[in-house]
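Visitor: just need the structure, nothing else, for what follows:
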Amino acid sequence: MSTARDLFLTAMGPGPTESVGQGDLSLALAGAELIDLIGSGTVAVEDERIVPHRAPVPGDRLLDEAAEALTPQAPYERIEDWLWRRGRDLSAAYQAALEEDGELTRKRGGLLSFGPERVEAADTPARRRAEDRWREREPVLTALASAVGIGSSGSSDSSDSSDSSDSSDSSDSSDSSDSERPSDGSPGIDGEAETAVVAAVLDAVMELEAVRQRRSIENAAYANLWRGP
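Guide: From the prediction side, this is the model:
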């Protein structure tokens, strides 16, 4: 399983998921893919640009697609440009792939069989692996999850029970979440390249939120114009 798949399964964990925007999650998934490609030696980061080093080892099909989408020649692509290009509709792609692999299931909400349908993570070894990484506060997964709001305010946190059993752990977690927000990276992540990717994800998510807010203000102003005095 890749970090991106673990991140998606973490986002699908217990608790409300409304706060996890699909656009935000797509950006973080693209960052997770890039970090895995760095870890495998497929790419390196030089001056904030993604430089392919060798062919990827075949395995995860979405990660293979990410490797094939790399810019093979100079001038190589900047991290932030990669996040926006690769991240387009990436959340939907991961949902489709995980459903196909049996990692996600669709269930009806409420007491009625025709209630609203929702997607949940199935009880599989992959889900348990993702939960273990989240419970252990693995630095990369924690930083990427925090970037999209998972665990930063107790929502979408699949380790609520472990957090509530130890107040000091909960305090440390919230402190870590706060420290992961700055654009200069997150403590505990090994390697400058990985830190640069996390920082770029944070910047991209904040930029996307700024776009949302601007559109919301413009739409409100337009509605008021037509409403009149």
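Visitor: who's in contact with the most centrally placed residue in the chain?
Guide: The centre of the chain sits closest to residue 28, judged by Cα atoms, centre = their mean, with a distance of 3.2 Å. By Cβ atoms under 8 Å, 6 or more residues apart in numbering, the contact list for residue 28 reads 7, 144-145, 147-148, 201, 205. Every residue, glycine included, has its C-beta placed from N, CA and C.
Visitor: go with 7 Å
Guide: 7, 144, 147-148, 201 (Cβ atoms under 7 Å, 6 or more residues apart in numbering).
Visitor: how many neighbours does residue 208 have?
Guide: Counted with other Cβ atoms under 10 Å, the neighbours of residue 208 add up to 17.
Visitor: my bad, residue 132
Guide: Neighbours of residue 132 under the rule other Cβ under 10 Å: 12.
Visitor: helix or strand for it, which one?
Guide: helix 125-135 (DSSP states H and E).
Visitor: can you check residue 44 too?
Guide: Going by DSSP H and E, residue 44 is part of strand 43-46.
Visitor: same deal with residue 206?
Guide: Following DSSP H and E, one finds residue 206 within helix 192-227.
Visitor: quick check: mean pLDDT of that helix?
Guide: Helix 192-227 shows a mean pLDDT of 81.
Visitor: and stretch 29-41, average pLDDT?
Guide: Per-residue scores along stretch 29-41 average to 95.
Visitor: list the buried ones in that stretch?
Guide: 29-40 (16 or more other Cβ atoms under 10 Å).
Visitor: ditto for stretch 46-65
Guide: 48-50, 52, 56, 60, 62-63.
Visitor: among those residues, which two are most distant?
Guide: Using Cβ to Cβ, the two most remote members of the buried residues of stretch 46-65 are 48 and 60, lying 25.2 Å apart.
Visitor: let me know the closest of the buried residues of stretch 29-41 to residue 139.
Guide: Ranked by distance to residue 139 (Cβ to Cβ), these are led by residue 35 at 10.6 Å.
Visitor: quick one: contacts for the closest one?
Guide: With contact set as Cβ under 7 Å, 6+ apart, residue 35 has these partners: 3, 140, 194, 197.
Visitor: now those residues: which count as buried?
Guide: Counted by 16+ other Cβ under 10 Å, those give 3, 140, 194, 197 as buried.
Visitor: residue contacts, the third one?
Guide: It stands for residue 194. Residue 194 is in contact with 35, 38, 140, counting by Cβ under 7 Å, 6+ apart.
Visitor: output the contacting helices and strands for the helix or strand where the last one lies.
Guide: What that stands for is residue 140. In the assignment (DSSP H and E), residue 140 maps to helix 139-147. Contact partners of helix 139-147 among helices and strands, from 3 or more Cβ pairs under 7 Å, 6 or more residues apart in numbering; DSSP states H and E: helix 3-11, helix 22-39, helix 167-180, helix 192-227.
Visitor: 8 Å - rerun?
Guide: helix 3-11, helix 22-39, helix 125-135, helix 167-180, helix 192-227 (3 or more Cβ pairs under 8 Å, 6 or more residues apart in numbering; DSSP states H and E).
Visitor: which of those sits closest to residue 88?
Guide: The closest of the helices and strands packed on helix 139-147 to residue 88 is helix 22-39. By Cβ to Cβ, the value is 7.0 Å.
Visitor: what's the angle from that closest one to helix 139-147?
Guide: 160 degrees (axes from the mean of the first three to the mean of the last three Cα atoms, to 10 degrees).
Visitor: could you dump helix 22-39 to CSV, C-alpha only?
Guide: What follows is helix 22-39, C-alpha atoms only, in CSV (Å, rounded to 0.1, in the frame of the first residue of the first chain):
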residue,chain,number,x,y,z
GLN,A,22,-12.1,16.8,-2.3
GLY,A,23,-9.8,19.4,-3.8
ASP,A,24,-7.7,19.5,-0.6
LEU,A,25,-7.5,15.8,-0.5
SER,A,26,-6.5,15.5,-4.1
LEU,A,27,-3.6,17.9,-3.5
ALA,A,28,-2.5,15.9,-0.5
LEU,A,29,-2.7,12.6,-2.4
ALA,A,30,-0.5,14.1,-5.2
GLY,A,31,2.0,15.1,-2.5
ALA,A,32,1.8,11.6,-0.9
GLU,A,33,2.5,10.0,-4.3
LEU,A,34,5.5,12.3,-4.8
ILE,A,35,6.9,11.4,-1.4
ASP,A,36,6.7,7.7,-2.2
LEU,A,37,8.4,8.3,-5.5
ILE,A,38,11.2,10.1,-3.6
GLY,A,39,11.4,7.3,-1.1
